[in-house]
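>>> Pasted the sequence and its predicted model underneath.
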There are 2 protein chains.
Amino acid sequence: MQSEIITVGSELLSGETVDLHSSYLSRELHSLGIDVCLHTSVGDDASRLHEVLSVAHTRSELILLAGGLGPTMDDLTKEIVSEVTGAELVQDPKAVHHLKQYFKGRMEAIPANNFKQTYVFSGGFVFYNKNGTAPGLAVQVDGITYILLPGPPRELVPMFEEQVRPFLIREVISDKKQVILAKSLSFFGIGESLLEEKIKDLIQQHENPLMATYAKEIGVVVRMTAWAKSEAEANRLIDDLKRNVLDRIGEYCYSEKDESLEEVVVSELLNKGKTVSVIESCTGGLLAHLLTSIPGSSQAFYGGLVTYTNKAKENIASVPASCLREHGAVSSATAEIMTENTMKLFDTDFAVGITGVAGPAEAEEKKVGTVYIGLAESGKPVRVYQFQLKGSRRRIQLMAAKYACFLLQQCLKKGETTR
Amino acid sequence: MQSEIITVGSELLSGETVDLHSSYLSRELHSLGIDVCLHTSVGDDASRLHEVLSVAHTRSELILLAGGLGPTMDDLTKEIVSEVTGAELVQDPKAVHHLKQYFKGRMEAIPANNFKQTYVFSGGFVFYNKNGTAPGLAVQVDGITYILLPGPPRELVPMFEEQVRPFLIREVISDKKQVILAKSLSFFGIGESLLEEKIKDLIQQHENPLMATYAKEIGVVVRMTAWAKSEAEANRLIDDLKRNVLDRIGEYCYSEKDESLEEVVVSELLNKGKTVSVIESCTGGLLAHLLTSIPGSSQAFYGGLVTYTNKAKENIASVPASCLREHGAVSSATAEIMTENTMKLFDTDFAVGITGVAGPAEAEEKKVGTVYIGLAESGKPVRVYQFQLKGSRRRIQLMAAKYACFLLQQCLKKGETTR
């Protein structure tokens, strides 16, 4: 099935807003086995939208539009789809009720403009909007399905997940008796191309489950989508493939969901009732920031030190001047003492310490990207891991902090790291 | 002048890659007074690109294409432009030389495929590529200008800034005798809509300089672009408008460039030879991370404490238990002591301390978003500022860390803050 995506809004063409919807919707369609052949962004311009839609109508079987469903005169998506397809707009009593309820909760009068949003396609489908006033709409004309979604991401994303995805599976994808199930695996410490090489034959062999890899800023996600007569059967298909993938590259897999390393670390610490503290030199607070970005982390994360100078390492983390003099601040010995002392200072079950050269300049005659990560666990000797990271200052800081999370996660998982 | 942007690459349609080029190029074109009427993304699909280009050729006077200039069989942008426009491709000796030079530095043999990249439009322009092997190209046919750019951002962005922007000014924008000059002002602590309201009449009055506002994730940038017979005249036009803008909203302006608060803070500390340390509770290391993300910050930033628990505040920052008991961790009194003690501990000229409730849950019966920021300057009493911030946990942490930078920057600028 061939589809295309049209995003509507002058803020896209001025460059003020980056079009995130087209990539989001494409990933979602792709996971349902639907091809996307084109993205188009148009401004709030009736004749241009008419022109674009008229061509799309002759080309694609599924057309997704995002934006232009607001209450103002500028918002014309629904009206132009009606013009191009001939589908009639009628007022929907349920949408009127929904609008009144929405404003009731807010104790404001309903602006007259908003009633424009209660018009829907005669004979179409309506996706009522929990997070705003514009309902989403679907209508099928000449065998072509149009889906119209509101522009704000906090309206579009939940509407797609909760209503449009099930609608597509139910009404649009050919075999209506099938269940579709998607699962993700998250990997770290292996590049996308190497990962893909290791499972290339599985990707190529399988039409069902369909498997694809997505490079994130950090790490790679493998997404598997299965179609089957029942949920149990779909689950079995995915589990078989998953086992096969994990047999080959399981050592790099840190989660059987699409989530970040810091989310996994914090949730495993909370599950086990364990605590952690950190000490950072070259990452300058980034590791603490990643962990504390997760809600609820205060039960597991007790605190951190950013010892950016040698004096701070001596005075605050009690690293002996002799250690800094003999081995340097960027050394296994310093990482070990920093980490050990931090665990004691905060009285936590674990501590992680990072010291290294983030660049752009070398330090202590050590190359940019040289990083030592100490991992302390109460009652055990501190382990120190050395890395040689590549890229910009920003990239080295981020990779060092993520490796620290990965080491801690591996340790939490097995009581022993894999590297 | 009407323009459009076409980005090429199957990774755009699968959703793996977000199309950042369309918004980047739109902002740049907009700042030159060029309208953008459409964005299109197509895959590596010759017939689809041909279809899209054939329509674009009848619609726009300027067509920018990004991607599909690589060495592989998939890369077809140049070839399709040639088909649609009739512009002939010929091998460019300078491009051959450039390719050889590029590989000479790398001690690798040149893959035969790469020679495809040495073909350019007969009678066109070539933008040689400092950061890759694909030259950018321009060609003018039937009064329509085509500009073809390589897809990787680290190739496209410098090529646009250094070569394409001047080319557009010189060859495409009508009055060739004019100089074009753009300048930005960065604002913080005022929302985009309020800022726009305060200078709306200036935005509407002025066609030259053209003025536009851009909301960043944090803060707002005002960009002014002037056209004139000479650089001095363009500068004068911009300076007059700038003075007018600053008279109205100067208190929120932290830089006369488009740069982040942390960049300004670090460069002002370095300029003045001053040092800073930080202590963070609810921001969990984010402030330290922002400051240390700037290269060279180690000369100005001595270190930080992340005291996420009360015990850490007592043991590491020496906040008296009585203060925590009487006033709470989220209080002006605690912020003051945390900040003062941190300045002493790190022996710096300044210290900044943040304590607050990032959410999602309330703490100490204080509302989510309550934040106290302490600012210490050697030899002066600590000042504490209270904020009530809104939004998600992530947003509150980010706004608190940015306000801390803003307060420090105002203090560095005047020796006294404005709030």
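Now that the structure is in, tell me what you want to look at.

>>> tell me which helix or strand of chain A sits lowest on mean pLDDT?
Least confident element among the helices and strands of chain A, by mean pLDDT, DSSP states H and E: strand A:210-215 (a mean of 80).

>>> what does that one rub up against?
In this structure, residues lying in contact with strand A:210-215 by C-beta atoms under 8 Å, 6 or more residues apart in numbering or on different chains are A:27, A:30-31, A:33, A:192, A:195-196, A:199, A:202-203, A:220-226, A:241, A:245, B:14, B:16. C-beta coordinates here come from the backbone N, C-alpha and C atoms, glycine included.

>>> Pull out the buried members of those residues.
Among the contacts of strand A:210-215, those classed as buried by 16 or more other C-beta atoms under 10 Å in any protein chain shown are A:27, A:30-31, A:192, A:195-196, A:199, A:202, A:220-226, A:241, A:245, B:14, B:16.

>>> Give me the subset of the residues you listed that lies in helices.
If you go by DSSP state H, those have A:27, A:30-31, A:192, A:195-196, A:199, A:202, A:241, A:245 in helices.

>>> Can you tell me which of those is nearest A:Val306?
A:Glu192 (31.8 Å; C-beta to C-beta).

>>> near chain B, from the ones in helices among the buried ones among the contacts of strand A:210-215?
A:27, A:30 (C-beta under 8 Å from any C-beta of the partner chain).

>>> Including pLDDT, could the ones in helices among the buried ones among the contacts of strand A:210-215 go into JSON lines?
Below are those laid out as JSON lines (pLDDT from 0 to 100):
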{"residue": "A:Arg27", "pLDDT": "91"}
{"residue": "A:His30", "pLDDT": "86"}
{"residue": "A:Ser31", "pLDDT": "81"}
{"residue": "A:Glu192", "pLDDT": "78"}
{"residue": "A:Leu195", "pLDDT": "88"}
{"residue": "A:Glu196", "pLDDT": "84"}
{"residue": "A:Ile199", "pLDDT": "91"}
{"residue": "A:Leu202", "pLDDT": "90"}
{"residue": "A:Leu241", "pLDDT": "95"}
{"residue": "A:Val245", "pLDDT": "96"}
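
>>> quick one: which of the ones in helices among the buried ones among the contacts of strand A:210-215 is nearest chain B?
When these are ranked by distance to chain B (C-beta to the nearest C-beta), A:Arg27 comes first, at 3.4 Å.

>>> for the stretch 51-200 of chain A, what spans make up the strands?
A:62-66, A:89-91, A:119-121, A:125-127, A:136-141, A:144-149, A:179-187 (DSSP state E, counting those that start in this stretch).

>>> Out of these, which gets the lowest mean score?
Looking at those, the lowest mean pLDDT belongs to strand A:179-187 (a mean of 87).

>>> which residue packs closest to A:Glu326, ignoring adjacent ones?
Spatially, and ignoring its direct neighbours in sequence, A:Glu326 is nearest to A:Ala333 (7.5 Å; C-beta to C-beta, 6 or more residues apart in numbering or on different chains).

>>> Let me know whether the one you found touches A:Leu324 as I believe.
No - between A:Ala333 and A:Leu324 no contact is recorded; they are 9.1 Å apart, counting by C-beta atoms under 8 Å.

>>> In which helix or strand does the residue nearest to A:Glu326 reside?
helix A:332-346 (DSSP states H and E).

>>> In that helix, which residues are buried?
A:332-343, A:345-346.

>>> how about CSV for the residues you listed, with distance to B:Glu79 and pLDDT added?
Formatted as CSV, the buried residues of helix A:332-346 follow (distance: C-beta to C-beta, whole Å; pLDDT from 0 to 100):
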residue, distance to B:Glu79, pLDDT
A:Ser332, 55, 97
A:Ala333, 59, 97
A:Thr334, 57, 97
A:Ala335, 54, 98
A:Glu336, 59, 98
A:Ile337, 61, 98
A:Met338, 57, 97
A:Thr339, 57, 98
A:Glu340, 62, 98
A:Asn341, 63, 97
A:Thr342, 59, 97
A:Met343, 62, 97
A:Leu345, 64, 95
A:Phe346, 62, 96
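
>>> wait, which of those is closest to A:Phe301?
A:Phe346 (9.5 Å).

>>> just checking, that closest one touches A:Ile316?
No - look at A:Phe346 against A:Ile316 with C-beta under 8 Å: they stay out of range, at 12.0 Å.

>>> Could you tell me which residues touch both of the two?
Common contacts of A:Phe346 and A:Ile316 (C-beta under 8 Å, 6+ apart): B:Ile316.

>>> still on that earlier bit, tell me which of the strands of the stretch 51-200 of chain A approaches B:Lys414 most closely.
Counting by C-beta to C-beta, B:Lys414 lies closest to strand A:62-66 out of those; the figure is 45.8 Å.

>>> Partner strands of the closest one and their direction?
strand A:2-8 (parallel), strand A:144-149 (parallel) (DSSP bridges).

>>> Now tabulate these in CSV and tack on mean neighbour count.
Formatted as CSV, the strands paired with strand A:62-66 follow (neighbours: other C-beta atoms under 10 Å in any protein chain shown):
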stretch, mean neighbour count
strand A:2-8, 24
strand A:144-149, 24
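
>>> Can I get these in a markdown table including distance to A:Ala300?
Converted to a markdown table, these look like this (distance: least, C-beta to C-beta, whole Å):
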| stretch | distance to A:Ala300 |
| --- | --- |
| strand A:2-8 | 40 |
| strand A:144-149 | 38 |
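
>>> Which among those strands is found nearest to A:Thr370?
strand A:2-8 (44.5 Å).

>>> So what touches the closest one?
Contact with strand A:2-8 is made by A:19, A:21-22, A:25-26, A:29, A:34-44, A:49, A:52-53, A:56, A:59-68, A:77, A:151, as judged by C-beta under 8 Å, 6+ apart.

>>> Show me what from the stretch 101-250 of chain A comes close to chain B.
The stretch 101-250 of chain A has residues A:212, A:214-215 near chain B, with proximity defined as C-beta under 8 Å from any C-beta.

>>> hmm, try it at 7 Å
A:Tyr214 (C-beta under 7 Å from any C-beta of the partner chain).

>>> Could you list the low-pLDDT ranges of the stretch 101-250 of chain A?
A:105-108, A:174-177 (pLDDT under 70).

>>> Residue of it closest to chain B, please.
A:Tyr214 (5.8 Å).

>>> Relative to B:Arg393, how far out is that residue?
Here A:Tyr214 is placed at a distance of 25 Å from B:Arg393 (C-beta to C-beta, to the nearest Å).

>>> Mind checking which of these two has more residues around it?
Comparing A:Tyr214 with B:Arg393 by other C-beta atoms under 10 Å in any protein chain shown, the one with more neighbours is B:Arg393, at 21 against 18.

>>> close to chain B, is the longest helix along chain A?
Scanning chain A for the longest helix, with DSSP H as the assignment, gives helix A:393-414. Yes - using C-beta under 7 Å from any C-beta, helix A:393-414 reaches chain B at A:393-394.
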